[in-house]
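Visitor: I would like the atomic coordinates for the input below:
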Amino acid sequence: MTATTSHAPKAQYAPPATAGGKAAEYLDQRLGIANAAKAQLRKIFPDHWSFMLGEIALYSFIVLLLSGTFLTLFFTPSMNEVTYNGSYTPLDGIKMSEAYASTVNISFDVRGGLLMRQIHHWAALIFVMAIMVHMLRIFFTGAFRKPRELNWLIGFTLLVMALLEGFAGYSLPDDLLSGTGLRIAEGVILSIPIVGTYISFFLFGGEFPGHDLVPRLFTIHILLVPGLILALITVHLILVFYQKHTQWAGPGRTNDNVVGLPLLPVYTAKAGGFFFLVFGIIALLSALVSINPIWTYGPYIPNQITAGSQPDWYIGFLEGALRMMPNVEFNFLGHTLSLNVLIPSLVVPGILFTGLAVYPFIEAWITGDKREHHILDRPRNMPTRTAIGVAGCTFYAVLWIVGGNDLIATHFHLSLEAITWTGRVLIFVGPVFAFWATRRICFGLQRADRDKILHGRESGIIVRSPEGEFSEIHTPLSDGDRYKLAVHDVHRPLSIAQTTDANGVPAPRLRAAKLRARITHWYFGTRVEKPTVEEYHDAISSGHH
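Guide: Numbering: from 1, shown residues only. So this is what the prediction gives:
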């Protein structure tokens, strides 16, 4: 006995009719991109406003590339001296470098040049700001934990590259303000013991200011650093795709899934709209708010300096450190050690940036946590980490404020010495107080969350019992809200229960283990325990809800 199975006729292949379809088919037949693109274009991304901070950095970088390409066509990276005869009459007949003259010409003689200059400058400020705020979001939520330590280092390197790129671009016009910044940078380089002079001569091509610096900075600014930034952003985004995006805790969200919207079409449409929103805000700022009016400063002359000169905001902390440091220098073996420049400009930023880069590895060593984490921490649930972050921000803020001590003194009619000495005190007291206060606030918020889980939210409805007692009715939390408050881990300090084995041989790496145990007692010694199931049921049965 035989059986036959009828098959439905196969649908005939219909070649694409549109030009786009034909191009896609052409590429797919040669590269096989359809299957890979199908999986990636349907990739899920969580939806939360804080995740847009990184997008702001990306979009402002795109604006920088577009506006910078325009400016490159008209800028002359040369320090050769010329006489200005352009349309800005206050500078007519004044000798200046070709770099400064071309920048003035861009501002007054190139159609749309001033707007593009200001778009470029505002985009640079927003780019650095977005990277910093994005990194703060990652830090406070613990998004740097395994497997994202490498991405944290990439983000840190992007921040350093952005600072370098901003300083190089800021110095290109060769105006009096940017020249003052370069003079400060030269002093910082010269403060390096033994090799400082050689580095300065190599960078400036001889005595300051020389004739080689602007062409070198131009190459660094338009080619070297942007190429590195573009490569790092590419690797950063590839890792985000590969490792999947972090997400906030909530019902149905685990370390093994992602709850959100697909990349195409929803997320792509939202991202495209957000790009034009960022671009529009930058253009609006550039059209309405003047920034870096170099024609009012004049060309750079080495024996002059601008009164009340201020760098771009992201360099303000270095300026503050230099202004705050007392004048300490001495001679050693025939060399002058300018500690008043070396410590604030190299040692302090070096410690600050090194701590920022290696913190994920320090926390992993303290906690001993080797698990993968895709669910974000609420900052209140990691009080010590949050307090360390706030202390670091306070340290940075004090330096940044003192960087404008002269303007603060003149605008508010205060003593410059009093502001400087206040900064010297606050630089030590401020971070300690911020650390203590932040930890206290986090513990208070944790206790408030615990009370909400056990007793619900206060409804504002007051009732009176037959006995005459007044009490407030509490509204129970929903299952989703209760889950969000209770899903976090409660870490406990380590203890060394046994320091030797049965034969009396000390445990390996005993000193490191003891040190780690002491640190965990400081890190996790004070904590708020989550309510147990029994406590929750007791709260329900007692009528607290």
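Visitor: What does the pLDDT read for residue 37?
Guide: The model reports residue 37 with a pLDDT of 69.
Visitor: for residue 1, that is, sorry about that
Guide: Model confidence at residue 1 (pLDDT) stands at 43.
Visitor: and if you look at residue 89?
Guide: 92.
Visitor: and it, how many residues sit next to it?
Guide: 9 (other CB atoms under 10 Å). From N, CA and C alone the C-beta is placed, and that goes for glycine too.
Visitor: how close does it get to residue 300?
Guide: 21 Å (CB to CB, to the nearest Å).
Visitor: Quick one: list the elements packing against whichever strand or helix holds residue 66.
Guide: In the assignment (DSSP states H and E), residue 66 maps to helix 52-72. When contacts are defined as 3 or more CB pairs under 8 Å, 6 or more residues apart in numbering; DSSP states H and E, helix 52-72 sits against helix 113-141, helix 225-243, helix 268-288.
Visitor: In the next helix or strand after it, which of the residues would be classed as buried?
Guide: Downstream of helix 52-72, the next assigned helix or strand under DSSP H and E is strand 81-83. The neighbour-count check on strand 81-83 (16 or more other CB atoms under 10 Å) flags residue 82 as buried.
Visitor: Check which helices and strands the helix or strand following strand 81-83 sits against.
Guide: Per DSSP H and E, the first helix or strand lying C-terminal to strand 81-83 is strand 95-97. Counting contacts by 3+ CB pairs under 8 Å, 6+ apart, strand 95-97 is packed against strand 81-83.
Visitor: contacting residues around the strand it packs on?
Guide: For strand 81-83, contacts defined as CB atoms under 8 Å, 6 or more residues apart in numbering pick out 93, 94, 95, 96, 97, 98, 101.
Visitor: Quickly run through the sheet partners of it, with directions.
Guide: strand 95-97 (antiparallel) (DSSP bridges).
Visitor: Correct me if wrong: residue 526 contacts residue 443.
Guide: Yes. Using CB atoms under 8 Å, residue 526 is in contact with residue 443, at 6.9 Å.
Visitor: Give the residues shared as contacts by these two.
Guide: residue 383.
Visitor: which secondary element of this structure has the worst mean pLDDT?
Guide: helix 33-41 (a mean of 69; mean pLDDT, DSSP states H and E).
Visitor: just checking, what packs against the helix or strand following that one?
Guide: As assigned by DSSP H and E, the chain's next helix or strand after helix 33-41 is strand 44-45. Packing partners of strand 44-45 (3+ CB pairs under 8 Å, 6+ apart): strand 261-262.
Visitor: Tell me the predicted confidence for the residue lying closest to residue 57 once chain neighbours are set aside.
Guide: Nearest residue to residue 57, sequence neighbours excluded (CB to CB, 6 or more residues apart in numbering): residue 130, at 3.7 Å. In this model, residue 130 is scored at 96, pLDDT.
Visitor: In contact with residue 130, which residues are there?
Guide: Here residue 130 is in contact with 53, 54, 56, 57, 60 (CB under 8 Å, 6+ apart).
Visitor: how far away is the closest residue to the first one other than its chain neighbours from residue 114?
Guide: Spatially, and ignoring its direct neighbours in sequence, residue 53 is nearest to residue 134 (4.2 Å; CB to CB, 6+ apart). For residue 134, the distance to residue 114 equals 30 Å [CB to CB].
Visitor: Which of these two has more residues huddled nearby?
Guide: Set side by side, residue 134 and residue 114 show more neighbours around residue 134, with 23 against 18, by other CB under 10 Å.
Visitor: Does that one touch residue 57 like I think?
Guide: Yes. Judged on CB under 8 Å, residue 134 makes contact with residue 57 at a distance of 5.8 Å.
Visitor: ok, the contacts of strand 81-83 vs residue 369, which is closest?
Guide: The shortest approach to residue 369 among those belongs to residue 97, at 55.7 Å (CB to CB).
Visitor: got a list of what the closest one touches?
Guide: Counted by CB under 8 Å, 6+ apart, residue 97 has contacts 78, 79, 80, 81, 82, 174, 214, 299, 300.
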